[in-house]
Structure formats: structure tokens, C-alpha cells
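>>> structure for the following, please:
(one chain, ligands or ions: 3)
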Amino acid sequence: MFVRFALNADLHFSRELPPEAVEAVAKTVQEANTTLFRRGVPAEATEEQIGKITRWSADGSVVSLKIESGPYTRAHDALFRFRRSIVRAMGRHRLGLRDIRITAFRVLLPDELPDAAIPKVPFITTVHRLPGAVELELDCSASDLENRVPDRIVRLIEEKKEALSYGGKVEHWELVFESGAKPRVYSGNPTEEMLARGWIRHGASRGQWIYAPQAVQLFRALEKIVIDEIVTPLGFSEMIFPKLVPWEVWMRSGHAKGVYPEIYYVCTPKTRDPAYWEEIADYFKVTGKVPVEQIRERLDGPIGGMCYAQCPPFWPFVQGETLANDSLPVLVFDRSGTSHRYESGGIHGIERVDEFHRIEILWLGTAEQTIETADRLHEAYVRVFEDLLDLEWRSAKVTPWFMAQEGMVGGSGSAEVGTRDYEAYLPYSDSWLEFQNVSVNGNKYPKGFNVKIQSGADCWSGCSGIGLERWTAAFLAQKGFDLSKWPEAVARLVGEPKEVFRFL
Ligand code: ATP
Ligand code: ZN
Ligand code: MG
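Ligands and ions are numbered 1, 2, ... in the order given. So this is what the prediction gives:
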């Protein structure tokens, strides 16, 4: 069994069709069914798998068509192929095509799909359950069909069905490297101890910390290790990526497919005319309260959200460009601002927060260059975690849901695409914390942002996100707060914690 499409369409012409034009329609339909619709169809395709005009009629100025297909020259593709030839044929009779109206569109999926696999999108008007199949009726305009809405719906249903079969598991996990046990010198919860020592205090917003000088000394020491031991020796150059990300970027990066529950959304004022906002300001002056509902009415957007993954807003820098061979691999990084995620009830200590600080390393080049860079980064990380930080850590290959869904992993030639998570042991909770990762993203971003390479080779990219809160949590959870027990290099870089605040 295979997926089937069926549509009814009315083609509206500029005037009534004279008999000789009706004859020309018959001829065009005949040609379409025997040659036009068969172009590009594999030889092994059977008769009923290929698009066909199964019924047509001409009434006044309207030609009505019924087109049915299986997976080849799908009914809607057939319609637009036919449009080209009918426009040419009717032109000879001085008839112009004015409009195409889709009066019915049905998709038959040969599968008893769970309800959860059928998306709630406006185009699906009816779902019929048949023995061993589901039939969808779609309400689509001709331009929806040109935009391939039916194909996208079929693909989405396949993705949802597959995601359901994962049973809620987000990632496939496979151990790659293990440092082995390290001596245990501390078993406390680092967040609690940092709080007790006045190194951090809760910010006013949820999942947000204010870091005092002592904490920042450690942050900057870890950051310096990243810069001096990893980023600089490997030849990465610093850039500054935007931190407000509009939909256009997430549409191209693929995040628009699913990031919604975790976004911090951003809105703009409808106008910056002070008079428009005077009421709001006055309300606050009189009541001491901010009238949030009235503010909402005066906003446009959301236009996008705050930085979520750090690399997508870099890509407009290279969008539409062809990279010179001798500039590759391009190696850059960003540490210019915060990332924001709505973690809801998942907030925990400094390791899972809504506002965090991350160094994002990003590289692009050929597939070989991209993989080699990931390998060199991995070697540098091993050196830092083993020799400098002396951590108990491990790394694992993980396959995120979106890549599994896009079939990017496991396919031929894509064995190296995927993410490696780095995890540190937390003695206080006897659990492992992902503190950074390295991803080889294949051609996902270059394709989304239309980036090419001079030689014509496929452009690939990779990225690595180093979470400073997570590095700090991992380090303190294992090494504790007695600086004399810290690895020498870290203790030296941090120096004596500065007690700037004294509270009465
Ligand atoms: P988790 O599974 O722990 O939620 P994630 O898979 O969502 O992590 P990524 O999207 O891979 O994380 O983000 C890359 C890095 O960003 C992480 O390794 C971590 O260092 C950091 N990071 C992500 N989310 C947070 C957070 N809520 N708080 C602090 N750091 C974070
Ligand atoms: Zn990234
Ligand atoms: Mg997460």
C-alpha cells in the first residue's frame, strides 16, 4: 500500500470555451496522462502510483478536473504540470487562465495512525478512519498546493508517528570516553554553598542569578582556560553574535520546528510615540503597579526570542555567500552575552537556569575539515579536563530527536553527523551533568542559510557550547571550596576570593 492523493479543481478561463477549445482540452489531457505525468517517474512505478486525470469536463468557461495519484507525480504536482500545457493550448484559442479553485483534496494514508500523529493544523478539515487506513480531507488553495502543504503534512505525520515510537525518549546515548574515578574531596551541593558564602544571590527574574565577584573570578578563570588552552591554540577568532533572534533565523536554522515551549519571547512597542504610552506611565505613577494587560495591547510581535542556541544568529553573516577555498575551515567563537531558556519546573541550582552564560565555538568548511575540527576540539577538551581541571567526566554520542527525525544520522556518508555530550560526575547528587557538547551538524545550517564553498564541495558546520554555569557547578561539586585542594592552575587563575560586600 502507498499514500494516495486525489483532488478536484476548477480551472476558470477568460471566456466560454468554443467547441474546438474543448477538443484541445481533450487532447491535452490525453497527452498529460500518457507522457507529461510520466516524466521523471522511475520505471518500476506501477500504473496506479502515477498521477492521472481520471475525469474532466468543460462547462462554459470552466474546466473541471479530477486528478488521482500515488507517490509519483502527486495529484497537486500533476495539476501544475498540466497548468503549463493547458495555458499554452488555450492560448492558441485566445483563452486566458484566470483562476484555479481547488474544490476537494483528499490524502489516503495506508496506516492506522494514532490520533496523536495527526497534527492540528487548519488545513485538515476531516479525518476519516477506514480499516487499515486514514483519509484526510484538506482545505487548500492552489497556492497552498504550490507551497507543497500536502507533502509537508504527510511528512509531519510520518515524523510524529516516529517520535511516538521513541516513547518519549529524547536522545539515543552511547558512551565514548570515561575518565575513570577521581579522588572525592567534597560532597556538598555547590549552589547551596555558594549562596551561604555570598558568592551568588537570586536575581529578580526566575532561574536567574546575580554573581558576586568571587563567583565571577571562577567564571573568568574557567573562561581564560577555554581561551588560552582551546580556542586560541586551535586558531579560533572571536566574533560577536546577536542575542535577539528573529523568526527568520529560526525558520532557517530549523528551531522554528519545535523550540516554542522554551523561548523567552520578544515584543516591540506598536509605536514609540510617548503620548501612546503616557497612560501606562501615569497608571504606574498613581498606583505603583505596572498594567501588564494594557501593555500587551500596545505591543507588536513577538518578533522572535532571546538567544536560545547561540549559533543560529551568526548565520546571516554568511547567508547566500560562497566561501573561498583558502579561507576554510572558518573557525570562530562568541562569548558576548547570555542565553535564555524557559526551563519551567526544571530549574535547579546554577546548573539549570533560565539565564546562562556560554562560550559558543563554531566552525565551517568541507565535511572533512568539519569532522577534523571536531576531533581536534575533542583532544583539547580531554587535555583540559584531565590535566588542568582534573575532573571525573565522560563523553557520549547522542542523537537528538530532530536529527533522528530528519534521517541525518545513520544514512550513507553521514556517519560523523551528530552530537557528543560531555558529562561531569556530581558527587552530591550521585548523577551526571551535561556541561558542554560538540556537534557536527552536517550541511543543515549551510543548506538552511544557503552557504556554498568555492570548490563546489558540500559545506558543513559544527558547534560546541561551553556552559560556564555548568563548568562551575561540575568543578565545585568535585573540588569543593578549599582552594588549597584545587588544581594549581585553577587556584592561581582565580586568586583569593574578594569579599566586596559585607551585610549588617
Ligand atoms: P539539557 O539536556 O541539560 O537541558 P540541552 O541538551 O538542552 O541540555 P544544549 O541545547 O545542548 O543543552 O545546550 C548546550 C549547552 O548549553 C549545554 O551543554 C549547557 O552547557 C548549556 N545549557 C543549556 N541549557 C542550560 C541551562 N538551562 N542552564 C545552564 N546551562 C545550559
Ligand atoms: Zn550551536
Ligand atoms: Mg535543555
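>>> residues from the chain in reach of ligand 2?
Applying Cβ under 5 Å from the ion, we find that the chain lies next to ligand 2 at 309, 311, 463. Where C-beta positions appear, they are placed from N, C-alpha and C, glycine not excepted.
>>> which of the residues you listed has the largest number of neighbours?
For these, the largest number of neighbours (other Cβ atoms under 10 Å) sits with C463, at 25 neighbours.
>>> give the contact list for the closest residue to ligand 2 within the stretch 301-450 of the chain.
Proximity of the stretch 301-450 of the chain to ligand 2 (Cβ to the ion) peaks at C311, 3.4 Å away. C311 sits next to 241, 253, 334, 360, 362, 445, 463 when contact means Cβ atoms under 8 Å, 6 or more residues apart in numbering.
>>> what do you get if the cut-off is 10 Å, keeping everything else the same?
241, 253, 332-334, 360-362, 439, 441, 445, 461-465 (Cβ atoms under 10 Å, 6 or more residues apart in numbering).
>>> also H12?
Residues near H12 by Cβ under 10 Å, 6+ apart: 60-63, 96-101.
>>> would you mind measuring from it to S61?
Applying Cβ to Cβ, to the nearest Å, the value for H12 to S61 is 6 Å.
>>> which neighbours do the two have in common?
Residues touching both H12 and S61 by Cβ under 10 Å, 6+ apart: R98.
>>> and the helix or strand hosting K27, average pLDDT?
Secondary structure from DSSP states H and E places K27 in helix 19-34. Mean per-residue pLDDT for helix 19-34: 98.
>>> contacts for it next, please.
11, 13, 15, 17-18, 36-38, 50-59, 63, 65, 67, 73, 78, 81-82, 84-90, 92-95.
>>> now, of those residues, which are buried?
Buried residues within those, counting neighbours by 16 or more other Cβ atoms under 10 Å: 11, 13, 17, 36-38, 50-53, 56, 58, 63, 65, 67, 73, 78, 81-82, 85-86, 89-90, 93, 95.
>>> could you list the alpha-carbon positions for stretch 356-374 in CSV?
Extracted as CSV, the C-alpha positions of stretch 356-374 are listed here (Å, rounded to 0.1, in the frame of the first residue of the first chain):
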residue,chain,number,x,y,z
PHE,A,356,23.0,31.4,31.4
HIS,A,357,26.5,32.2,30.1
ARG,A,358,28.0,30.2,27.4
ILE,A,359,31.0,30.3,25.1
GLU,A,360,29.9,29.1,21.6
ILE,A,361,32.6,27.8,19.3
LEU,A,362,31.6,27.5,15.6
TRP,A,363,33.3,26.2,12.5
LEU,A,364,32.5,25.6,8.9
GLY,A,365,34.2,24.0,5.9
THR,A,366,34.2,20.8,3.9
ALA,A,367,32.9,17.7,5.6
GLU,A,368,36.5,16.5,6.2
GLN,A,369,37.5,19.9,7.7
THR,A,370,34.4,20.0,9.9
ILE,A,371,35.0,16.5,11.3
GLU,A,372,38.7,17.1,11.8
THR,A,373,38.0,20.3,13.7
ALA,A,374,35.6,18.5,16.0
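>>> contacting residues for L222?
Neighbouring residues of L222 by Cβ under 10 Å, 6+ apart: 359, 384, 388-389, 466, 468, 471-472, 474-475, 490, 493-494.
>>> secondary structure of it: a helix, I assume?
Yes. Assessed with DSSP: H, G, I helix; E, B strand; the rest coil, L222 lies in a helix.
>>> domain parsing for this protein?
4-166, 173-241+318-494 (automatic domain parsing).
>>> for L433, give its distance to F314.
Distance of L433 to F314, computed by Cβ to Cβ: 26 Å.
>>> could you list the buried residues of the lengthiest strand in the chain?
Longest strand of the chain, by residue count under DSSP state E: strand 97-109. Neighbour-count burial for strand 97-109 flags 100, 102, 105-109 (criterion: 16+ other Cβ under 10 Å).
>>> check stretch 296-305 too.
For stretch 296-305, the neighbour count (16+ other Cβ under 10 Å) marks 304-305 as buried.
>>> got the contact list for that stretch?
Outside stretch 296-305, the residues that touch it by Cβ under 10 Å, 6+ apart are 244-251, 255-256, 259-260, 262-271, 276-277, 279-280, 291, 313, 340-342.
>>> among these, which lie within helices?
Cross-referencing those against helices under DSSP state H gives 247-251, 276-277, 279-280.
>>> now distance to E368, neighbour count and pLDDT too, for these, in CSV please.
CSV is the format used below for the ones in helices among the contacts of stretch 296-305 (distance: Cβ to Cβ, whole Å; neighbours: other Cβ atoms under 10 Å; pLDDT from 0 to 100):
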residue, distance to E368, neighbour count, pLDDT
W247, 34, 14, 98
E248, 31, 13, 98
V249, 28, 22, 98
W250, 29, 23, 98
M251, 29, 14, 98
Y276, 56, 12, 98
W277, 55, 15, 98
E279, 61, 12, 97
I280, 57, 16, 98
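>>> pick out the residue of this structure closest to ligand 1.
Closest approach between the chain and ligand 1, counting by Cβ to the nearest ligand atom: G467, at 2.2 Å.
>>> mind listing what the closest residue to that residue other than its chain neighbours touches?
Residue nearest to G467 in three dimensions, not counting chain neighbours: R358, with 5.0 Å by Cβ to Cβ, 6 or more residues apart in numbering. Listed by Cβ under 10 Å, 6+ apart, the contact set of R358 reads 307, 309-310, 334-335, 337-339, 436, 464-471.
>>> those in strands, which ones?
334, 338-339, 436, 464-467.
>>> can you say which of these are buried?
Applying 16+ other Cβ under 10 Å to those, the neighbour count classes 334, 338-339, 436, 464-467 as buried.
>>> redo these as TSV? Include distance to Q30 and pLDDT.
Shown next, in TSV, are those (distance: Cβ to Cβ, whole Å; pLDDT from 0 to 100):
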residue	distance to Q30	pLDDT
D334	61	98
T338	65	98
S339	61	98
Q436	63	96
S464	59	98
G465	59	97
I466	65	97
G467	65	97
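>>> following the lowest-mean-pLDDT helix or strand in the chain, which helix or strand shows up next?
In the chain, the helix or strand scored least confidently by mean pLDDT, DSSP states H and E is helix 401-405, which has a mean of 56. The helix or strand immediately downstream of helix 401-405 is strand 418-426, counting by DSSP H and E.
>>> which secondary structure elements does that following strand contact?
Helices and strands in packing contact with strand 418-426 are listed as strand 171-178, helix 367-383, strand 393-400, helix 401-405, strand 431-440, strand 460-467, helix 468-479; criterion 3 or more Cβ pairs under 10 Å, 6 or more residues apart in numbering; DSSP states H and E.
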